[in-house]
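Trainee: Provide a 3D model corresponding to the input given below.
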Amino acid sequence: MPLNRLDNCRICGKLFLRDHSDYCLECYKEVEQEFKSVIGFLKIEKNRNATIEEVSEFTDVSLTRIADFIRDGRIYAEDYPNLGYPCAHCDKVIKRQMLCDNCFNQFTTDVDKTLKRDNFFKEVENNQQVQSKSQQYWKLKK
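Mentor: Numbers count the residues shown, from 1 in each chain. Next comes the predicted model:
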């Protein structure tokens, strides 16, 4: 099975033969140039305490792209005390994943409650069906 496949570039939508990237060659080069710009900025000692907004402003790289670099592990935000991106739910600054710990825990709790409730309703429904079948069976026997 070939590893390459025809796909649309995530940035420009152009068709390209996907190999190891979600981008066409032109967009890939642009993303790599932006990455080099961001890393170059962060390597300067006085910029190590910059926020994601400051990095974006000075490098002309979008906040989303910088957040993608951090999420993808290309930039290790733990090395930069003020560098992070907003939680997808509450906008608290985080350094990994999509949700902060509080939102993740709340989401997990809500999902667990919903699944337990759904399972309870299924069990009740199944019990009612079994009871009605067993009642019908005894009625037929008598």
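Trainee: which residue is nearest the middle of the chain?
Mentor: M98 (4.9 Å; CA atoms, centre = their mean).
Trainee: hang on, it in a strand?
Mentor: No - per DSSP: H, G, I helix; E, B strand; the rest coil, M98 lies outside any strand segment and is coil.
Trainee: can you give me the strands in the protein?
Mentor: 5-8, 15-18, 85-86, 93-94 (DSSP state E).
Trainee: dump the residue contacts of the nearest residue to F16 once chain neighbours are set aside.
Mentor: Excluding the flanking residues, the one nearest F16 by CB to CB, 6 or more residues apart in numbering is C24, at 4.0 Å. In short, each C-beta sits where N, CA and C put it, glycine included. Counting by CB atoms under 8 Å, 6 or more residues apart in numbering, C24 touches 9, 11-12, 14, 16.
Trainee: Can you give me every residue that contacts the closest residue to F69 other than its chain neighbours?
Mentor: What sits nearest to F69 in space, not counting adjacent residues and going by CB to CB, 6+ apart, is I75, at 4.6 Å. Taking CB under 8 Å, 6+ apart, we find I75 in contact with 38-39, 42, 66, 69, 83.
Trainee: that older thread, pipe the strands of the chain into JSON lines and attach mean neighbour count, mean pLDDT and distance to D110 per row.
Mentor: Below are these laid out as JSON lines (neighbours: other CB atoms under 10 Å; pLDDT from 0 to 100; distance: least, CB to CB, whole Å):
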{"stretch": "strand 5-8", "mean neighbour count": "12", "mean pLDDT": "89", "distance to D110": "34"}
{"stretch": "strand 15-18", "mean neighbour count": "14", "mean pLDDT": "88", "distance to D110": "36"}
{"stretch": "strand 85-86", "mean neighbour count": "18", "mean pLDDT": "89", "distance to D110": "21"}
{"stretch": "strand 93-94", "mean neighbour count": "18", "mean pLDDT": "90", "distance to D110": "19"}
